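Visitor: sequence plus predicted model, see below.
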Amino acid sequence: MSIAAGTDLGRALCIITGASRGFGQAVARHLSQRVSPGSAFVLAARSGNDLRSVRAELLQEYAGLLVECVEADLAHAEGQARVISAAKQCFSADMDHVILVNNAASLGDVSRYTRDFTNMAEVDSYLSLNVSSCLCLTASTLEAFPQRPGLRRTVVNVSSLCAVQPFPSWVLYCTGKAARDMMFRVLAEEEPDVRVLNYAPGPMDTDIYASAKSRTADPNIRRSFTAMWDQGQVLTCDESCTKLMKLLLDDSYVSGAHIDVYDV
C-alpha cells in the first residue's frame with residue numbers, strides 16, 4: 001500500500017547519480033531521513049572511494065537501509081547497465097516508490113565562448129555525459145520498473161537557472177541544462193503516472209561553484225559569482241536539499257515543472 005503524500009516517501013528504491021559528493025551526497029542523506037525502513041539506495045558516481053564513504057555514513061546513521069555503490073561512468077552503456085542491474089537486485093515487491101535523481105553533471109569548459117567550440121568530438125563528449133546518459137538512464141529505469149498498482153515513480157532532474165537564462169561563456173552547461181529540462185517536460189506529457197520535477201538548486205558551495213568563480217571567461221558572470229560568495233549568498237547543499245524534500249513530500253507541483261530553490 002502506498003504511503004500518503006506529506007508523511008514520508010514510503011518504502012522506496014532511490015537511485016542517485018553523482019552521489020559521491022556535493023549535492024548528490026546531500027540528497028542521499030536527506031532522502032534517507034524521509035523513507036521507510038526497508039528502503040534501498042543505489043548510489044552511482046565515478047569515484048568509488050567517495051561513494052563508499054557516503055554508504056558508510058548512511059548505514060551508520062539510518063537503520064534498516066540497503067545501500068549499494070556503483071562506481072561507473074554513466075556516459076557509457078556498460079556503466080548504465082550496472083546501475084540498472086544493481087537497482088533490480090535491490091528492489092523488492094513490497095516497495096511502493098521508485099525515485100530517480102538525475103544529479104550527475106559537469107560544468108564543461110567555461111573559459112571559452114561559443115565561437116571557440118569548433119571541435120565536434122569535444123561537444124559530443126560533453127552532451128553524452130550531460131544529456132544522452134541522463135535520457136537513457138531515465139528510460140532504462142522506467143523500463144525496469146514499469147507502472148503497476150501501488151507503485152509510485154518519481155524522476156528528479158537537477159536543473160539550473162542556466163536552463164532558462166543564458167550565461168555568456170557557459171554555452172555547454174546552458175545547452176545541457178536546457179535540453180534536460182525539455183527532456184523531462186516531454187516525459188511528463190508522455191507518462192502522466194510519473195511524477196517529474198526539474199529542480200534548480202541555486203548557487204551552492206560545490207566544486208562546480210569553485211570552478212565557476214575561477215574559470216569563467218565572461219568578466220561579468222565571474223564577478224557575479226565572486227560577489228555572491230563574498231556576500232554570503234551561496235547556499236549550502238543541505239539548505240537546498242531541504243527545499244527539494246519539501247517539494248517531494250508535498251507532492252503538489254505540476255509534473256514537468258521547473259522550480260527554483262528560491263520559489264519554494
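Guide: It's in.
Visitor: contacting residues for the residue nearest the centre of the chain?
Guide: With the centre of the chain defined as its mean C-alpha position, the nearest residue by Cα atoms, centre = their mean is N103, 2.1 Å away. The contact partners of N103, taken as Cβ atoms under 8 Å, 6 or more residues apart in numbering, are I16, T17, G18, A19, F23, G24, V27, V158. Every residue, glycine included, has its C-beta placed from N, CA and C.
Visitor: who are the contact partners of the fifth one?
Guide: For F23, the residues meeting the contact criterion (Cβ under 8 Å, 6+ apart) are N103, V158, P201, M204, T206, C237, S240, C241.
Visitor: can you tell me which of those residues are in helices?
Guide: C237, S240, C241 (DSSP state H).
Visitor: highest neighbour count among those residues?
Guide: Counting neighbours by other Cβ atoms under 10 Å, S240 comes out on top of the ones in helices among the contacts of F23 with 26 neighbours.
Visitor: if we ignore the residues flanking it in sequence, what's nearest that residue?
Guide: Spatially, and ignoring its direct neighbours in sequence, S240 is nearest to P201 (4.1 Å; Cβ to Cβ, 6 or more residues apart in numbering).
Visitor: right, and the one you found touches M245 too?
Guide: No: counting by Cβ atoms under 8 Å, P201 does not reach M245; the two are 11.8 Å apart.
Visitor: nearest residue to R112 other than its sequence neighbours?
Guide: Distance criterion Cβ to Cβ, 6+ apart; nearest residue to R112, sequence neighbours excluded, is A217 at 6.1 Å.
Visitor: show me where the protein has helices.
Guide: Using DSSP H, the helices found in the chain span residues 22-32, 48-61, 77-90, 120-127, 133-144, 171-190, 207-215, 219-230, 237-250.
Visitor: residues contacting the third one, please?
Guide: Under the contact criterion Cβ under 8 Å, 6+ apart, helix 77-90 has outside partners 13, 15, 17, 40-42, 44, 66, 68, 70, 72-74, 133, 136-137, 140-141, 144-145.
Visitor: same check, this time on the fourth one
Guide: When contacts are taken as Cβ under 8 Å, 6+ apart, the neighbours of helix 120-127 outside the stretch itself are A75, S106, G108, D109, F117, L172, T175, G176, A179.
Visitor: what average pLDDT does it get?
Guide: Taken as a whole, helix 120-127 has a mean pLDDT of 97.
Visitor: got phi/psi on the nearest residue to I208 once chain neighbours are set aside?
Guide: The shortest distance from I208 to any non-neighbouring residue, by Cβ to Cβ, 6+ apart, is to L107 (4.9 Å). Comment: the main-chain dihedrals of L107 come out as phi -80, psi -30, following degrees, to the nearest 10.
Visitor: and L107, what is it in contact with?
Guide: Going by Cβ under 8 Å, 6+ apart, L107 touches L172, Y173, I208, S211, A212.
Visitor: measure the first one to M228 for me?
Guide: Spelled out, it's L172. For L172, the distance to M228 (Cβ to Cβ, to the nearest Å) stands at 21 Å.
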